[in-house]
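S.K.: Got a predicted structure plus its sequence, pasted below:
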Amino acid sequence: RSRRIRSNRSSSFNNMSRFESSSGALACIQCEHLVLRLTSDFARKVLVGSVELRLRALSGAPTELVLDTRDLKIAGVRSQSGEPLAYQYAATPLDGNAALGMPLHITLDSPLATETTTSVTVEYETSSSASGIQWLLPEQTAGKEHPYLFTQNQAIHARSMLPCLDTPAVKATYEAHITVP
């Protein structure tokens, strides 16, 4: 099942180069839409899959995308054409605060001219200790038969579930394709 939510973008944040809790250059690149394709692994308490980020250049000619992450295992990054993109984690947590996670730097295959769009797909796996994902055992549920998974990603916990521009200032539509047992 897919769910779409309308964007509620606030232009007041377009002038900011970086929001307090995000490593992304919000004045340069906007994420307009996300496509999540994940499989839940209840035994390991992880989500495995990919997120496609559909991006628009707002200013300059960005050559790098910086995403917020926390405790994610990145398996690879691909361009819109499917070509592998170079990526690396920052050497230290954002602002030296481990709760803010590690910025993920992705080198784009070419500079983005203002108002052009592209997409980047990141293949990854979450951690069993992801702060934005809660895993309940069957005995913790009403029917006591099946495990249960829910997410709570506000204010900055989405970065533990997917690489993204994780701040309340960023709004984007999304689709989620989740495979469960």
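M.R.: Sure thing, it's come through.
S.K.: okay, and for the protein, where does confidence drop off?
M.R.: Flagging of the chain using pLDDT under 70 yields the residue ranges 1-19.
S.K.: how about the strands in it?
M.R.: All strands of the chain, identified by DSSP state E, fall at 29-41, 46-57, 64-67, 73-79, 87-89, 104-107, 117-125, 133-136, 148-151, 173-179.
S.K.: among the ones you listed, which is the most enclosed?
M.R.: Most buried of those, by mean neighbour count (mean count of other C-beta atoms under 10 Å): strand 64-67, with a mean of 22. For the C-beta atoms, the positions are set from N, CA and C on the backbone; glycine is no exception.
S.K.: quick one: contacts for L36?
M.R.: G49, S50, V51, L162, Y174, E175, A176, H177, I178 (C-beta atoms under 8 Å, 6 or more residues apart in numbering).
S.K.: What's opposite it in the beta bridge?
M.R.: On the basis of DSSP bridges, L36 is bridged to V51, A176.
S.K.: Look up how far P163 lies from it.
M.R.: 11 Å (C-beta to C-beta, to the nearest Å).
S.K.: ok, now L65?
M.R.: 9 Å.
S.K.: if we can go back for a sec, nearest to A142, out of the strands of the chain?
M.R.: Counting by C-beta to C-beta, A142 lies closest to strand 148-151 out of the strands of the chain; the figure is 9.1 Å.
S.K.: Which neighbours in the sheet does the closest one have, and how are they oriented?
M.R.: Its sheet considered, strand 148-151 pairs with strand 133-136 (antiparallel) by DSSP bridges.
S.K.: Identify the residues contacting the partner strand?
M.R.: Residues from elsewhere that reach strand 133-136, judged by C-beta under 8 Å, 6+ apart: 42, 45, 47, 126, 128, 147-152, 160-161.
S.K.: quick one: which of these is nearest to C31?
M.R.: Distances from C31 to those, taken as C-beta to C-beta, are shortest for M161 (14.7 Å).
S.K.: hang on, the closest one packs against L47?
M.R.: Yes: the criterion here is C-beta atoms under 8 Å, and M161 meets it with L47 at 6.9 Å.
S.K.: Who are the contact partners of the closest residue to V35 other than its chain neighbours?
M.R.: Nearest non-adjacent residue to V35, counting by C-beta to C-beta, 6 or more residues apart in numbering: E52, 4.1 Å away. Contacts for E52 (C-beta under 8 Å, 6+ apart) come out as L34, V35, R37, S119, V120, T121.
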